[in-house]
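*Asks:* okay, here's the prediction I keep looking at, along with the sequence it came from:
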Amino acid sequence: MRPLWSGTITFGLVSVPVNMYPANQSDRAPLRMLSPDGVPLSRRYYSQESGRDLDDDQMIRGYEIEKGKYVIVTDEELEKLAPEKSRDIDLRRFVDEQTIPPIYFERGYYLTPGGGTEKAYRLLAKIMEDRKRLGIGTFVMRGKEYLVAIAAENGILRAQTLRFADEIRTAADIALPEKKKAVKAAVTKFEKLIAKHSRKELSAKELHDQQTERLLKLVKSKQTRGKDIVETEEPTKGDDDNVIDIMEVLKKSMSARR
Amino acid sequence: MAARAIWKGKLKLGSTVVPVSLFSGVVDKTVHFHILEERTETRVKQHMVNPENNEEVPNDEIQRGYEVEPGTFVILKKAELEKLEPKSSRDIKITRFVSPEHISSQWYDRPYYLGPDGDAKAYFALAEALAHQEKEGIVRWVMRGKEYVGALRSEGDYLMLITLRHAEEVVSAQNLPAPGGRSLDKKEVSMAGQLVELLEGEFDPNQFKDEYRDRVLEFIEQKAKGKRPRLHVVKSKRGTSSLDKVLSRSIASLKKQKEKAAA
């Protein structure tokens, strides 16, 4: 698996080359679409006019300025719109994690040391862990700018993309009704309930995905019974990568450099 | 203009019920492009094709399968998949409360504001109680055929619900080997510490703007007017000095900046 992004984190004038991998697997049990006789299908783009399937080089990207009218934008243009400096993650601020409101957090990535020495990587990880700080910066990746918080845990760097301030709504934006003075007795009743149901920690079990679990159980039971199983003649390579074990990729890329 | 609720539910804690409406907490500001056919500059369509004969397979003939081994699929029938769907319900069940520091930022996914739906008194009392106790509730609910886990928290005077990723969706750093090597140079560790300290401050989201998005939109606007804005990549230099030299130069330049700002 190739990294999603390879680039440089900078703090002060120090450069830390890194590779970026996803830390989230959004669909643990992706279902493939198959033909009635069990052939894995491919998603294809086709022309509205001729009805024919299109190859990649027959398609372009357009921004709709009015109905049916587009401004064409090429990959090259999008790339040139990003100054080279904006492609590095320059950590301009180091902040206490608890001061970032949870509404900002978007997605997680792991960073492994990229080319050259990993000294700067280990140094940055150690300092951030010791001082309990996250580094904040922005960078442009594949035609989009991201706000990121770089965090260190167990000597490993990870990036959490954050939403930009203008992507977040306030209660006033939604026009939630004005606060009604709460009755003291009602607040106290809730406080007691909260105290009664409070726990010292949150175990991963609480976040267990029961829905996928049920699906996998059904798959397993059908597999043991040999029911509704199809085998493709030659393992076809679908257009979407099959289930990738992110953990294995990360382990490999970390230990390759030991 | 008041926003529209995307869903309505009932927060349940023991025998206490607080009816709420859900509103999205975010606005999508991504610059969205459409894929066009180059020849006609019209939107393309998508369909599913059998790659063996390049024939389209209509929706009602498509089967779903889970790949148990490369090339081997267990077919799941429509009725079976429907049976696996959770029972629809309006309940948002609060299972427990924890201190916010026990919820890793890696779990947070999509934020929603909750507004009172009817009885506002209980709503504001719960928000106040959560704020006082500095706790977040862990909740489970079913919305549009999908099971969610979420964190219920107070946000100002209001309640907010942030969906949490399932445990299985997050790769934990605990199970990863950290890059090793010779122990770090003490002098470099101390200098790097000084450098980070100089850059420490509050998290101020307004300090960071999506400048690239503005640049792309500006470029599109120019092009729409028939102009051809010239583009060229701005190159930046990168030094190749040793780590301790770079560290001491960084510290010196940051200190100078701070002195200037203070003067």
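*Replies:* Yes, it's here.

*Asks:* per-residue pLDDT, residue B:51?
*Replies:* For residue B:51, the pLDDT comes out at 92.

*Asks:* again, but for residue B:43
*Replies:* Among the per-residue scores, residue B:43 shows a pLDDT of 96.

*Asks:* which residues does it bridge with?
*Replies:* residue B:36 (DSSP bridges).

*Asks:* how many other residues sit next to the nearest residue to residue A:254 once chain neighbours are set aside?
*Replies:* Spatial nearest neighbour of residue A:254, chain neighbours left out: residue B:177 (5.0 Å); criterion: Cβ to Cβ, 6 or more residues apart in numbering or on different chains. Where you see a C-beta, it was placed from the backbone N, CA and C, and this is true even at glycine. Using other Cβ atoms under 10 Å in any protein chain shown, the number of residues around residue B:177 comes to 13.

*Asks:* for residue B:248, same thing?
*Replies:* Residue neighbour count, defined by other Cβ under 10 Å, stands at 17 for residue B:248.

*Asks:* same check on residue A:135?
*Replies:* Neighbours of residue A:135 (other Cβ under 10 Å): 26.

*Asks:* correct me, but it touches residue A:147?
*Replies:* No - with contact defined as Cβ atoms under 8 Å, residue A:135 does not count as touching residue A:147 (11.8 Å).

*Asks:* in the top helix by length along chain A, what counts as buried?
*Replies:* What stands out as the longest helix in chain A, according to DSSP state H, is helix A:210-225. For helix A:210-225, the buried set under the neighbour-count rule, 16 or more other Cβ atoms under 10 Å in any protein chain shown, comprises A:211, A:212, A:214, A:215, A:218, A:219, A:222, A:223.

*Asks:* could you redo the residues you listed as TSV and give each row distance to chain B?
*Replies:* As requested, the buried residues of helix A:210-225 are exported to TSV (distance: Cβ to the nearest Cβ, whole Å):
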residue	distance to chain B
A:211	5
A:212	7
A:214	5
A:215	6
A:218	6
A:219	5
A:222	5
A:223	5
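
*Asks:* now those residues as CSV including pLDDT?
*Replies:* Formatted as CSV, the buried residues of helix A:210-225 follow (pLDDT from 0 to 100):
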residue, pLDDT
A:211, 92
A:212, 93
A:214, 94
A:215, 95
A:218, 96
A:219, 95
A:222, 96
A:223, 95
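
*Asks:* by contact count, what packs against the next helix or strand after the longest helix of chain A?
*Replies:* Downstream of helix A:210-225, the first helix or strand assigned by DSSP states H and E is strand A:229-231. The contact analysis (3 or more Cβ pairs under 8 Å, 6 or more residues apart in numbering or on different chains; DSSP states H and E) places strand A:229-231 against strand B:72-76.

*Asks:* the helix of greatest length in chain B close to chain A?
*Replies:* Longest helix in chain B, counting residues (DSSP H): helix B:243-262. Yes - applying Cβ under 8 Å from any Cβ of the partner chain, one finds helix B:243-262 in contact with chain A at B:243, B:246, B:247, B:249, B:250, B:251, B:253, B:254.

*Asks:* which one (most neighbours) among those?
*Replies:* residue B:247 (26 neighbours).

*Asks:* what's the burial count for the nearest residue to residue B:42 once chain neighbours are set aside?
*Replies:* Leaving out its chain neighbours, the residue that sits closest to residue B:42 by Cβ to Cβ, 6+ apart is residue A:48, at 5.4 Å. Neighbours of residue A:48 under the rule other Cβ under 10 Å: 12.

*Asks:* who's in contact with residue A:48?
*Replies:* B:37, B:40, B:42, B:43, B:44, B:45 (Cβ atoms under 8 Å, 6 or more residues apart in numbering or on different chains).

*Asks:* where's it, which helix or strand?
*Replies:* Counting by DSSP H and E, residue A:48 is part of no helix or strand.

*Asks:* and it, its phi and psi?
*Replies:* Phi and psi for residue A:48, reported as degrees, to the nearest 10, are phi -70, psi -30.

*Asks:* same question for residue A:175.
*Replies:* Main-chain dihedrals, residue A:175, degrees, to the nearest 10: phi 60, psi 50.

*Asks:* wait, it sits on residue B:5?
*Replies:* No - taking contacts as Cβ under 8 Å, residue A:175 lies outside contact range of residue B:5: 11.5 Å.

*Asks:* ok, how many other residues are close to residue A:22?
*Replies:* With other Cβ under 10 Å as criterion, residue A:22 counts 18.

*Asks:* partners of it in the sheet?
*Replies:* Partner residues in beta bridges with residue A:22, using DSSP bridges, are residue A:109.

*Asks:* what distance do you get for it to residue A:159?
*Replies:* Distance from residue A:22 to residue A:159, counting by Cβ to Cβ, to the nearest Å: 10 Å.

*Asks:* residue nearest the middle of the chain, spatially speaking?
*Replies:* By default, I'm working from chain A. What sits nearest the mean C-alpha location of chain A, by Cα atoms, centre = their mean, is residue A:107, with 3.9 Å.

*Asks:* other chain: chain B
*Replies:* Centroid check for chain B by Cα atoms, centre = their mean gives residue B:109 as the closest residue, at 4.8 Å.

*Asks:* once you drop chain neighbours, what's closest to it?
*Replies:* Closest residue to residue B:109 apart from its sequence neighbours, by Cβ to Cβ, 6+ apart: residue B:163 at 4.4 Å.

*Asks:* in the stretch 151-263 of chain B, what residue comes closest to chain A?
*Replies:* Distance from chain A to each residue of the stretch 151-263 of chain B (Cβ to the nearest Cβ) is smallest for residue B:250, at 2.6 Å.

*Asks:* for the nearest residue to that residue once chain neighbours are set aside, what are its contacts?
*Replies:* In space, and not counting its chain neighbours, residue B:250 is closest to residue A:12: 2.6 Å by Cβ to Cβ, 6+ apart. Remark: with contacts taken as Cβ under 8 Å, 6+ apart, residue A:12 is in contact with B:195, B:199, B:246, B:247, B:249, B:250, B:251, B:253, B:254.

*Asks:* okay, domains of chain B per the record?
*Replies:* The record assigns chain B these domain ranges, following automatic domain parsing: B:7-28+B:85-169, B:187-196+B:243-263.

*Asks:* which of those comes out lowest on mean pLDDT?
*Replies:* Looking at those, the weakest mean confidence is domain B:187-196+B:243-263, a mean of 90.

*Asks:* show me how far it is from its chain's centre.
*Replies:* Between the centre of domain B:187-196+B:243-263 and the centre of its chain there are 33 Å (Cα atoms, centre = their mean, to the nearest Å).

*Asks:* cool, and stretch B:154-170?
*Replies:* Here the centre of stretch B:154-170 is set off from its chain's centre by 11 Å, with Cα atoms, centre = their mean.

*Asks:* what residues sit buried inside it?
*Replies:* B:154-155, B:157-167, B:169-170.

*Asks:* out of everything not next to it in sequence, what's closest to residue 98?
*Replies:* By default, I'm working from chain A. residue B:101 (6.8 Å).

*Asks:* hm, I was asking about chain B
*Replies:* Nearest non-adjacent residue to residue B:98, counting by Cβ to Cβ, 6+ apart: residue A:202, 4.9 Å away.
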